[in-house]
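Asks: Return a 3D structure for these sequence lines:
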Amino acid sequence: MISALKNLTNRIPVQYEGKPCYDILLTDSFQELPKELEKLNIEDRRLCIVTETTVGPLYAEEIKKILEPLCKLVVIHTFEAGEAHKNLDTVQGIYETLIQNHFDRKDLLLALGGGVVGDITGFAAATYLRGIDFVQIPTTLLSQVDSSIGGKTGVDFQQYKNMVGAFYMPKLVYMNINTLMSLPKREYLSGMGEIIKHGLIKDQKYFHWLKDHYEKIVNRDFDTLKEMLFVSCNIKRQVVENDPKEKGERALLNFGHTIGHAVEKLKNFSLLHGECVAIGMCAAAYLTYQMNRIGEDDYQMILETINQFELPTQTIELQVDDIVDATLNDKKMEAGVIKFVLLDSIGQASICRDLTREDLSQGAETIIG
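Replies: Numbers count the residues shown, from 1 in each chain. Next up, the predicted model:
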């Protein structure tokens with residue numbers, strides 16, 4: 001799969017229900033953004049750049065400056081950074097900015113930032129005036145390979161992650177790979193949780209390629225990053241095209257997320273999302289090993305790879321029962337049964353619906369240091 005993608009362009013077309021929907025564009029700057037947005041006929045539209053307090057100061061004014069000559073109006077709406085602000089109050093603030101600036105259904109939102117910005121902006125776009133267009137401009141590794149693709153939008157409700165949301169497709173996903181160079185190391189490597197997941201559930205060769213190229217990936221070699229992004233985005237594209245509303249195959253993308261979300265919540269979001277996914281993958285890999293789906297060598301290789309990219313395999317100060325209780329309250333419950341993703345081998349996964357509380361407890365025990 002890696003070698004086949006080397007001959008492709010920087011553009012990945014994404015379909016929705018069998019029809020062309022939007023493109024994922026991989027670039028090294030924001031200079032192609034005006035040309036891409038001109039395809040959306042922005043000359044008669046208002047644009048709102050939605051961003052947060054960490055990313056906004058880096059890029060929002062630059063983007064505003066290059067787009068202002070091309071459209072009616074460009075405004076910037078900035079909210080406080082962090083998962084704690086991924087809620088309906090933040091969405092309300094976006095609504096207020098749009099109303100005050102007379103945005104109507106033909107106008108456009110630009111989500112500039114990581115996964116929190118993308119999820120919130122997409123949800124605001126899906127619900128403002130019953131739906132206006134939006135564009136994803138993801139600036140973190142995790143959002144570039146995961147949350148910006150596939151049309152999942154949403155916010156947290158009280159302590160429950162992504163409980164309120166909608167499937168709503170963007171008009172474009174525009175990735176400036178160089179934004180990854182400004183990320184703190186911990187946040188950058190957090191994105192590897194989702195990338196390692198892609199290899200584990202869909203592409204064994206890719207998983208081994210990641211292991212072999214870890215030094216270049218950790219050191220953010222541009223060409224290596226571009227190749228990695230292309231492969232991961234294609235894996236995500238293929239899955240969401242086959243199952244846009246998570247009625248089957250798309251649920252495989254939840255590998256590591258079920259226990260991972262429980263850890264994320266119980267740690268009060270002090271761990272990054274990709275770190276929690278990594279911990280959740282360790283628990284899921286252990287259960288996979290215990291069920292003889294993979295051997296001990298493969299199980300250990302998964303743990304070693306996660307460690308290789310400086311991601312955690314365990315957490316502290318949590319209780320097994322609390323993790324299991326939070327897992328069983330996850331939105332992935334279906335008719336009282338937890339949908340838990342396990343590996344069939346490295347590169348293949350499937351949904352298991354018959355895990356017991358005791359099984360989950362055994363998995364949780366392995367991730368408590």
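
Asks: Let me see the ranges of the strands in the protein.
Replies: Under the criterion DSSP state E, the chain contains strands at 11-16, 19-27, 46-52, 73-79, 108-113, 133-138, 152-157, 160-167, 173-176, 333-334, 337-338, 340-345, 348-352.

Asks: Compute the inter-axis angle for the second one and strand 133-138.
Replies: Following axes from the mean of the first three to the mean of the last three CA atoms, to 10 degrees, one obtains 30 degrees for the angle between strand 19-27 and strand 133-138.

Asks: cool, and the third one?
Replies: The directions of strand 46-52 and strand 133-138 differ by 40 degrees, with the same axes, to 10 degrees as the criterion.

Asks: just how off-centre is strand 46-52 within its chain?
Replies: Offset of strand 46-52 from its chain centre (CA atoms, centre = their mean, to the nearest Å): 20 Å.

Asks: in the stretch 251-369 of the chain, what spans have low per-residue confidence?
Replies: Along the stretch 251-369 of the chain, segments meeting pLDDT under 70 span 331-336.

Asks: repeat for the stretch 1-150 of the chain
Replies: In the stretch 1-150 of the chain, residues with pLDDT under 70: 1-9.

Asks: ok, 90 please
Replies: Scanning the stretch 1-150 of the chain for pLDDT under 90 picks out 1-9, 17-18, 82-84.

Asks: just the helices in it please.
Replies: Here the stretch 1-150 of the chain has its helices, by DSSP state H, counting those that start in this stretch, at 2-5, 33-38, 56-67, 88-100, 115-127, 141-142.

Asks: on that earlier part again, please identify the deepest-packed of the strands of the chain.
Replies: With neighbours defined as mean count of other CB atoms under 10 Å, these peak in mean count at strand 108-113, which reaches a mean of 28. Every C-beta, even on glycine, is put in place using the N, C-alpha and C of the backbone.

Asks: what's in contact with that strand?
Replies: Outside strand 108-113, the residues within contact range by CB atoms under 8 Å, 6 or more residues apart in numbering are 37, 40, 42, 45-52, 54-56, 59-60, 63, 94, 117-118, 120-122, 124-125, 132-140, 143, 148, 170-171.

Asks: Stretch 298-313 now?
Replies: 185, 189-190, 192-193, 196, 200, 207, 210-211, 214, 217-218, 271, 274-275, 278-279, 281-282, 285-286, 288-289, 345-346, 367.

Asks: From these, keep the buried residues only.
Replies: Buried residues within the contacts of stretch 298-313, defined by neighbour count using 16 or more other CB atoms under 10 Å: 189-190, 192-193, 196, 200, 207, 210-211, 214, 217-218, 271, 274-275, 278-279, 281-282, 285-286, 288-289, 346, 367.

Asks: and the gap between residue 328 and residue 339?
Replies: 12 Å (CB to CB, to the nearest Å).

Asks: Could you do residue 31 as well?
Replies: As judged by CB to CB, residue 31 and residue 339 stand 43 Å apart.

Asks: Compare these two (neighbour count), which wins?
Replies: Neighbour totals were compared for residue 31 and residue 339, and residue 339 leads with 16 against 10 (other CB atoms under 10 Å).

Asks: Would you map the helices across the stretch 151-300 of the chain?
Replies: 185-190, 192-202, 204-212, 214-218, 222-242, 257-266, 273-290, 296-308.

Asks: So which of the strands of the chain is nearest residue 314?
Replies: strand 340-345 (19.3 Å; CB to CB).
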